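1. need a 3D model of the sequence below.
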Amino acid sequence: MMALFLRDLKLSVRAGGGALIGILFFLTVVAVIPFGVGPDLNLLSRIGPAIVWIGALLAALLGLDRLFQAERDDGSLDLMLMQETPLLITVIVKCIAHWTATSLPLVIASPLLGLFMNMNERAIGATMLTLLAGSPAITFIGAVGAAVAVALPRGGLLVSILVLPLTIPVLIFGVSATYAAVQEPAPFLPPFLILIALTLFFAVIGPAAAALALRNTSD
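-> Residues are numbered from 1 along each chain as shown. A predicted model of the protein is given here:
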């Protein structure tokens with residue numbers, strides 16, 4: 001499993017620059033917002049958390065179609081289906097590796113982008129914390145779409161279409177928790193705990209559904 005984890009990390013960095021493209025897309029989306037909105041610093045600080053979350057969500061969707069594509073192309077997906085290790089465990093390891101390579105850098109870069117949006121220290125910290133708690137859910141949801149579309153020659157757009165509606169609750173509670181941490185007296189814990197619950201829920205459902213989809217695709 002450790003070998004698979006390290007292999008997927010290398011593929012995410014090398015194969016088509018998937019991880020790097022996601023980071024650059026995230027930086028581009030957030031960095032151009034101030035030019036479109038204008039010099040209103042108060043407006044930027046108000047919409048900053050939502051813009052950072054939306055940018056991170058869209059950037060996380062970019063590389064999801066490659067989650068199982070390399071194994072499909074070189075035939076190793078069939079070996080993964082026949083090996084003694086349960087396919088569910090393999091899918092979980094691949095999801096963790098994908099999140100580490102693509103979404104974790106977005107979390108790390110979010111404080112810098114918060115400065116572009118004139119966000120204060122509390123808003124930047126809350127945004128980073130909610131992204132850290134909610135971004136794994138996007139990966140686990142995306143694993144299902146990637147598994148469904150893995151057999152299609154150009155399934156990248158289909159993955160985004162399938163995944164995006166399911167990620168809306170994560171976006172809503174992530175942004176709500178961030179605003180609750182900044183705006184008194186709104187409570188921070190309820191939306192933040194719901195965000196964690198969504199991540200735990202999809203951590204259970206997502207890999208299981210992705211494993212089932214991969215087996216059905218192989219059949």
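
2. tell me, how many residues neighbour residue 6?
-> 11 (other CB atoms under 10 Å). Quick note: C-beta positions are derived from backbone N, CA and C, even for glycine.

3. how about the contacts made by the residue lying closest to residue 181 once chain neighbours are set aside?
-> If you skip the residues right next to it in sequence, residue 181 has residue 126 as its closest partner in space, 3.6 Å away by CB to CB, 6 or more residues apart in numbering. By CB atoms under 8 Å, 6 or more residues apart in numbering, the residues touching residue 126 are 49, 177-178, 181-182, 188.

4. against residue 174, how distant is residue 126?
-> Distance, residue 126 to residue 174, using CB to CB, to the nearest Å: 10 Å.

5. how about the contacts of residue 126 in JSON lines, adding neighbour count, pLDDT and distance to residue 8?
-> Putting the contacts of residue 126 into JSON lines (neighbours: other CB atoms under 10 Å; pLDDT from 0 to 100; distance: CB to CB, whole Å) gives the following:
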{"residue": "49", "neighbour count": "27", "pLDDT": "91", "distance to residue 8": "30"}
{"residue": "177", "neighbour count": "27", "pLDDT": "93", "distance to residue 8": "29"}
{"residue": "178", "neighbour count": "31", "pLDDT": "93", "distance to residue 8": "30"}
{"residue": "181", "neighbour count": "22", "pLDDT": "89", "distance to residue 8": "33"}
{"residue": "182", "neighbour count": "20", "pLDDT": "86", "distance to residue 8": "36"}
{"residue": "188", "neighbour count": "18", "pLDDT": "88", "distance to residue 8": "34"}
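
6. tell me the one of these nearest residue 119?
-> residue 49 (6.9 Å; CB to CB).

7. hmm, the closest one is touching residue 178, no?
-> Yes - using CB atoms under 8 Å, residue 49 is in contact with residue 178, at 4.1 Å.

8. who touches both of those two?
-> 123, 126-127.

9. wait, isn't residue 120 in contact with residue 45?
-> Yes - with contact defined as CB under 8 Å, residue 120 reaches residue 45; the gap is 7.0 Å.
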